[in-house]
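Novice: The amino acid sequence is not available; the structure is as follows:
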């Protein structure tokens, strides 16, 4: 398989605070890759660096093209969708209006794309006229994921999707992510605190600590690693 996304020696700061210290990783096309690590390890910043939300140095390449000088709009137009921590849905807008915002770069009718999204999230079709703010936290997370998928991105970045959700909703969310990967060929890079589900859904994994990659391998390799078992799997 070919790497769709490649980071090499990526550095990032928030003002004087140095957050990423030479991050290097690769995401193969058609794979699901998860990033684990304690709070403050730089996981969210890694996704923000890819999306162009924070200033960064080093090399970030997507489908062979350098992203370093692109901002969020430029990165999105290349086919990278980002579902940030906290969902980011618009509470005063309806479900359908939120989904249409996900297609802001699309010209012409997006109805065929909405119907495709509804095939993966059928309950959204039933609630398309409902205000997003009246949905549960889990439903809003599903809406954020669906909105990111409207434009058929090649790469989906997902930040802490299970945060604050009941276990049954977390399992359903990861089931949908894996289904989108298998049926649509969607490449996914997900930052996640639920290591059990993340490693079950992923093909490969990176572990970050203090802004550096300290472990990398296949999901099976990391599930067998003693330090991962102790720190993240609880056994």
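Specialist: Okay, I see it. Just so it is clear, the model here is predicted, and its values are computed rather than measured.
Novice: I'd like to know how far the residue lying closest to residue 133 once chain neighbours are set aside sits from residue 201.
Specialist: Leaving aside its sequence neighbours, residue 133 sits nearest to residue 91 (C-beta to C-beta, 6 or more residues apart in numbering; 2.9 Å). (Each C-beta comes from the backbone N, C-alpha and C, glycine too.) Residue 91 is 28 Å from residue 201, where distance means C-beta to C-beta, to the nearest Å.
Novice: higher neighbour count, these two?
Specialist: residue 201 (21 against 12; other C-beta atoms under 10 Å).
Novice: tally of neighbours for the nearest residue to that one once chain neighbours are set aside?
Specialist: Take residue 201 and drop its neighbours on the chain: the residue closest to it by C-beta to C-beta, 6+ apart is residue 174, 4.6 Å away. Neighbourhood size, residue 174 [other C-beta under 10 Å]: 23.
Novice: Regarding residue 174, what is its secondary structure?
Specialist: Using DSSP: H, G, I helix; E, B strand; the rest coil, the structure places residue 174 in helix.
Novice: again with residue 156
Specialist: Residue 156 ends up strand, using three-state DSSP.
Novice: Check whether it really touches residue 186, as I assumed.
Specialist: Yes. Counting by C-beta atoms under 8 Å, residue 156 touches residue 186, with 5.8 Å between them.
Novice: any shared contact partners between the two?
Specialist: Listed as contacting both residue 156 and residue 186 by C-beta atoms under 8 Å, 6 or more residues apart in numbering are 149, 180.
Novice: Tell me which stretches of this structure form helices.
Specialist: 43-51, 72-77, 95-101, 111-120, 122-126, 137-149, 167-184, 195-201, 219-223, 226-228 (DSSP state H).
Novice: thinking residue 50 is in contact with residue 75, fair?
Specialist: Yes. Using C-beta under 8 Å, residue 50 makes contact with residue 75 at a distance of 7.2 Å.
Novice: hey, what's in contact with both of the two?
Specialist: In contact with both residue 50 and residue 75: 62, 67, using C-beta under 8 Å, 6+ apart.
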